[in-house]
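# dropping the sequence and predicted coords here.
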There are 2 protein chains.
Amino acid sequence: MGTTTEDQRLDALFTALGDRTRRDIVARLSTGEATVKELAEPYAMSMQAVSQHIRVLERSGLISQGRHRQTRPCRLEPAALEAALSWIEESRRTWSDRMNRLETHLARLQERENQ
Amino acid sequence: MGTTTEDQRLDALFTALGDRTRRDIVARLSTGEATVKELAEPYAMSMQAVSQHIRVLERSGLISQGRHRQTRPCRLEPAALEAALSWIEESRRTWSDRMNRLETHLARLQERENQ
DNA sequence: CACTTGATAAAGCAGATGCTTGAGTACGTG
DNA sequence: CACGTACTCAAGCATCTGCTTTATCAAGTG
């Protein structure tokens, strides 16, 4: 558990998702592949800026880029999303386990009081 | 859907999770409350630095701080975790829906070919 | 070939981030 | 009251980010 490499992986993942533009891009790619130009179209910023966001997303493992003619189509890598999901779910599970223990503990205390 | 405020909320959430120390703190708090001093103990950095991480987590809604004597106990706010989870699950759902459609489409094409 | 299109590379810059140290505050204890 | 403890506030600083612009490259098109 908790190796440094895994930490770096999660750093890159969550940092990548911590930007509105990049979340937009991920959401867009969840509906299918798209080229850099297509991804850049909705934004006021330059295509270079979007290209840099794509680099961040690629380094995080969230997307990958292929080659087709003069374009570089981007596609979502859902495995990376799963990694982020898993981390959150682990924390949630730990928290709710503890809540359940507290609950049963309190229930027992109350039972004794009512006897 | 997709209001600016919700975007800012998600920015804060994912950015907060994009740091190893802050994820550590969240994981630690999923097992129960802790004071700033207790949270700072495992790290080489100053308590002030940890206090600043806590501020970031608080602004993101992931944790909240109370007061008890001279300490400020921190507790996890699981609702914020759920918000992050939901965003990821939405993207995943969109992606897998599309995959299912592609699958059935390909199956149909193959059926016709085999006739 | 010259020219356009889709994209990356590189440099520069304003602003954010993660830490530090030093000072201040609030509560509790001798 | 003086002192210790648990913290926050504030300023400073190195580094990182998110963008820009200019330059370059690779793949089609006239």
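Cool, the structure landed.
# quick check: angle from the helix or strand of chain A with the lowest mean pLDDT to helix B:78-114?
When each helix and strand of chain A is scored by mean pLDDT, DSSP states H and E, helix A:78-114 comes last, with a mean of 91. Here the directions of helix A:78-114 and helix B:78-114 differ by 130 degrees (axes from the mean of the first three to the mean of the last three CA atoms, to 10 degrees).
# buried residues in helix A:78-114?
Neighbour-count burial for helix A:78-114 flags A:78, A:80-81, A:83-85, A:87-88, A:91-92, A:94-95 (criterion: 16 or more other CB atoms under 10 Å in any protein chain shown). Where you see a C-beta, it was placed from the backbone N, CA and C, and this is true even at glycine.
# same question, stretch A:15-33
Neighbour-count burial for stretch A:15-33 flags A:15-30, A:33 (criterion: 16+ other CB under 10 Å).
# restrict the buried residues of helix A:78-114 to those near chain B?
Among those, proximity to chain B is found for A:78, A:81, A:84-85, A:87-88, A:91-92, A:94-95 (CB under 8 Å from any CB of the partner chain).
# B:L62: which of those residues is nearest?
A:S91 (9.6 Å; CB to CB).
# nearest residue to that closest one other than its sequence neighbours?
Distances taken as CB to CB, 6 or more residues apart in numbering or on different chains place B:S30 nearest to A:S91, at 4.5 Å, with adjacent residues excluded.
# and the least confident helix or strand of chain A, how far out from the chain's middle?
22 Å (CA atoms, centre = their mean, to the nearest Å).
# show me what that helix is packed against.
Packing contacts for helix A:78-114, counted by 3 or more CB pairs under 8 Å, 6 or more residues apart in numbering or on different chains; DSSP states H and E, involve helix A:4-17, helix B:20-29, helix B:78-114.
# what's the angle from it to helix B:4-17?
Using the same axes, to 10 degrees: helix A:78-114 against helix B:4-17 is 90 degrees.
# next, the angle from helix A:78-114 to helix A:20-29.
100 degrees.
# what parts of chain A come near DNA strand C?
A:35-38, A:47-48, A:51, A:54-55, A:65, A:70-73 (CB under 7 Å from any atom of the strand).
# at 6 Å instead, please
A:35-37, A:47-48, A:51, A:54, A:65, A:70-72 (CB under 6 Å from any atom of the strand).
# how near is the residue nearest to A:S91 to DNA strand D?
18 Å (CB to the nearest atom of the strand, to the nearest Å).
# cool, and A:I25?
A:I25 is 10 Å from DNA strand D, where distance means CB to the nearest atom of the strand.
# which one is that residue nearest to, not counting chain neighbours?
In space, A:I25 is closest to A:L39, 5.6 Å off (CB to CB, 6+ apart).
# could I get the average pLDDT for the strand or helix carrying the one you found?
Here A:L39 sits within helix A:36-40, counting by DSSP states H and E. Mean pLDDT, helix A:36-40: 98.
# alpha carbons of that helix, as PDB, please.
In PDB, the C-alpha atoms belonging to helix A:36-40 read as follows (Å, rounded to 0.1, in the frame of the first residue of the first chain):
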ATOM      1  CA  VAL A  36      -6.700  18.800 -30.400                       C
ATOM      2  CA  LYS A  37      -8.300  21.300 -32.700                       C
ATOM      3  CA  GLU A  38     -11.800  20.000 -32.000                       C
ATOM      4  CA  LEU A  39     -11.100  20.100 -28.300                       C
ATOM      5  CA  ALA A  40      -9.700  23.600 -28.500                       C
END
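# what's around A:T5, how many residues?
7 (other CB atoms under 10 Å in any protein chain shown).
# thanks a lot, catch you later.
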